[in-house]
Structure formats: structure tokens, C-alpha cells
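*Asks:* My questions concern the predicted model and sequence given below.
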Amino acid sequence: MPSAMAIDRWGLANLRSEERAPERLGPDEVRVALKAISLNYRDVLVMRGTYSPGLTLPLIPCSDGAGVVLEVGSGVTEFEPGDRVCTHLVPDWHKGRLEPWMRSKTLGGPAQGVLCLERVLPRMALLPIPKMLSFEHAACLPVAGLAAWNGLAAAAIGPESSVLVLGTGGVSMLGFQIAKKLGANVAVTSSSDSKLARIRELGGDFTVNYRQEAWAEQVRHWSGGGVDAVLEIGGEGTFDKSVTATRDGGCIALLGVLVRGTRPLNLSSVLMRGIRVQGIFVGSRVDFESYLRFVEAHAIEPIIDRVFEGLAAARHAFAYLLSGRHLGKVVIRVAA
């Protein structure tokens, strides 16, 4: 059984299994046995070399994991062996403003990630898992869930608010679940009618196939003049459509950049209609603690499309993620 999956050259095809010696445990560190890892599009960009070409290789990818504490360093008081924990992407970001230097130690690039059997991590890179969540569900929260949580918080979403989420990937579905629990009315787009039917079963208030012309206008009409917030994942040509779908004075939370723009954005409507565009880079540890309390209070189980068994299935899991067939998250269960 491989102890880790890593790349020593750019490209998903270069993801290989390898054996690694156990890491030394420092005084403020925690040794964790990984039980589940969820995939993000960020991981794909990292392995392709487009996220940050200057990263040091070889690299263990992936940032989102959940597991069991095996051992704690002498300076660690908040965890003990047997505790169930999940990771935090930016260990040095405790609260307040994100500083540039904090990004230098993000898990899964530049720092080593969690696509492995065991990791020694800084104590600030870990948080307790809500008791009702499985490892697979908990592994979905650190990036996709926290980003969606902060995107909706930036727009001050609450009861009777209207929200548009684009697509049915991990970020969008976690945002959908949060928004519904906040009491918002939620519209969802997809190119798959079968996925949209599933969203309606889950409580979606309005669905539209984005291959139809004027889908943004349909969302605008449904919401009575535009939604209060859009969770924008950076798909091809979606930003201008999101502007159309947003009410005057509304908020577009930019949660990702799935494709590079091929043409200039039309920002005149953003200016003239007072639309706020808020970039979201996951969130701080304090933000994550708040989100985890919300998840526990509302018994939210992230929507998982498929679970792959074992680290050796990682390349197949990423291929499935890139196929776009999933609704919700794609997870790898690490063999016990």
C-alpha cells in the first residue's frame, strides 16, 4: 500500500504512489492518520503547475482531509490521541485579515498536502469534527464549504434573501445547503436536466439549464429584479451573466476561477448599478469554527457524489472530477 501520492513533475498524469518515512513530530505539531480526502479544482490547478508554477516539487497534493489524531507534540493541549479532526487550508490565518505571508504555508501547495496515509501537521491546521459527521463528510468542509460560508456571509444572506449558485459542483452544492438553512430562496444552474431535477428534490426554489438563452434574465425575473447574491465559481463567460442576474446593490462572491477569461469583462453595469464583487479566499480559523458550529446546529451533511476507495484510486478520482458528471463532492476514502 502506498504511503502517499505525489507529483515530481507537473501534470495529473505524473501523480504517482510512493513510500515515505514517518515525519518527525515537533512540539506544536500533531500526527494524524488520514481517513478521507476530498478533491477541489484548486488541487487540479496545483498539479498542472498553473496555480503557482514556482512550487517546490515533489509535492503531496490536496488540502482537505479528515482523520484521527495519533500523537501530539509537547506543546499541544487542544488535541489528544483518538480525536477526530479535519484540516484548515491556511494554518497561520487565525482571524482578521489574510496577510500575504500566510499563503506560503497553505496545505497542498506550497506546503505538503494530505493525499497520504499519515501527516504531521501544525496544531493550527486542525479543527475538531462535529460529532454527527463521518470522515467523508467532514473532509468536504475545509475549502469548498468554508468558501461558500464566507461568500454568503459577505452578502449578509438571511431569511427571504435570494441566492444564485452556478453549477452543481462541491462549492455550489455546499453553498446551496448553507443558503437553504439560512432561509434563503435559491436558484441553481446546470447543463444537466437530470441534475436540476435532483436539485428540486433537495429543495431548490428555481432551476434553469444554462444552455438556454437568457438564463440570467430568467433568474432575474424569478427573483423580482435580481438576486441578492451570486456564488460565482469563475466558469467560462459566467461573470457578465451573474451581473445580469444580480439586483442593484447586490453582491457577487467570487469563489474560484475555473477558466481564464478570453475577453474583457463588462464592468460598466457593476459600476452603474452599485454591485459589489467580493473575492473569497476560503477563510480564517475563526471563520471555520463559526461554520462548523453552523453545520452542527443544522445537522448539515455535505452532498457527496462518489467515494473512491484507497489512495491508489486518486488518478481515477481526479478524472471523474474533471468529467463534470458529479453533483456535490468527490471523495477518496483512505483504507483503514
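*Replies:* Alright, I've got the coordinates. Note that the structure is a prediction, hence the values are computed from the model and not measured.

*Asks:* any idea how far the residue nearest to Pro22 when sequence neighbours are not counted lies from Ala4?
*Replies:* Nearest residue to Pro22 in three dimensions, chain neighbours excluded: Glu118, at 6.9 Å (C-beta to C-beta, 6 or more residues apart in numbering). C-beta coordinates here come from the backbone N, C-alpha and C atoms, glycine included. For Glu118, the distance to Ala4 equals 9 Å [C-beta to C-beta, to the nearest Å].

*Asks:* Between those two, which is the more surrounded one?
*Replies:* Each of Glu118 and Ala4 has its neighbours counted (other C-beta atoms under 10 Å); Ala4 has more, 22 against 18.

*Asks:* Mind listing the residues bridging to the nearest residue to Cys116 once chain neighbours are set aside?
*Replies:* Excluding the flanking residues, the one nearest Cys116 by C-beta to C-beta, 6+ apart is Ala4, at 3.6 Å. Counting by DSSP bridges, Ala4 is bridged to Glu18, Cys116.

*Asks:* What's the separation between Ala4 and Leu15?
*Replies:* For Ala4 relative to Leu15 (C-beta to C-beta), the value is 11 Å.

*Asks:* In a strand, Val30, correct?
*Replies:* Yes: assigned with DSSP: H, G, I helix; E, B strand; the rest coil, Val30 falls within a strand.

*Asks:* Next, count neighbours for it.
*Replies:* 26.

*Asks:* swap in Arg198?
*Replies:* 18.

*Asks:* Next, the contact list for it, please.
*Replies:* Arg198 makes contact with Leu327 under the criterion C-beta atoms under 8 Å, 6 or more residues apart in numbering.

*Asks:* Return the set of buried residues in the helix or strand it falls within.
*Replies:* Assigned by DSSP states H and E, Arg198 falls within helix 193-201. For helix 193-201, burial by neighbour count (16 or more other C-beta atoms under 10 Å) applies to 195-196, 198-199.

*Asks:* Equivalent analysis for stretch 233-248, please.
*Replies:* Neighbour counts over stretch 233-248 (16+ other C-beta under 10 Å) mark 233-235, 238-239, 241-247 as buried.

*Asks:* I'd like the average pLDDT over it.
*Replies:* Throughout stretch 233-248, pLDDT has a mean value of 89.

*Asks:* Also stretch 181-201?
*Replies:* 97.

*Asks:* could I have it exported to PDB, CA atoms only?
*Replies:* Output in PDB follows, covering the C-alpha atoms of stretch 181-201 (Å, rounded to 0.1, in the frame of the first residue of the first chain):
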ATOM      1  CA  LYS A 181     -30.500  26.600   6.100                       C
ATOM      2  CA  LEU A 182     -30.200  30.400   6.300                       C
ATOM      3  CA  GLY A 183     -33.800  30.600   5.000                       C
ATOM      4  CA  ALA A 184     -32.900  32.000   1.600                       C
ATOM      5  CA  ASN A 185     -34.600  31.200  -1.700                       C
ATOM      6  CA  VAL A 186     -32.000  29.500  -4.000                       C
ATOM      7  CA  ALA A 187     -31.700  29.300  -7.800                       C
ATOM      8  CA  VAL A 188     -29.300  26.800  -9.300                       C
ATOM      9  CA  THR A 189     -28.000  26.400 -12.900                       C
ATOM     10  CA  SER A 190     -26.700  23.300 -14.700                       C
ATOM     11  CA  SER A 191     -26.400  22.000 -18.200                       C
ATOM     12  CA  SER A 192     -28.000  18.700 -17.000                       C
ATOM     13  CA  ASP A 193     -31.700  18.400 -16.600                       C
ATOM     14  CA  SER A 194     -31.400  15.300 -14.500                       C
ATOM     15  CA  LYS A 195     -29.100  17.200 -12.100                       C
ATOM     16  CA  LEU A 196     -31.600  20.000 -12.000                       C
ATOM     17  CA  ALA A 197     -34.400  17.500 -11.200                       C
ATOM     18  CA  ARG A 198     -32.300  16.300  -8.200                       C
ATOM     19  CA  ILE A 199     -31.800  19.900  -7.000                       C
ATOM     20  CA  ARG A 200     -35.600  20.400  -7.000                       C
ATOM     21  CA  GLU A 201     -35.900  17.200  -4.900                       C
END
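
*Asks:* if I pick Ala13, what's in contact with it?
*Replies:* Arg315.

*Asks:* ok, so of the buried residues of stretch 233-248, who is nearest Val30?
*Replies:* Ile233 (32.0 Å; C-beta to C-beta).
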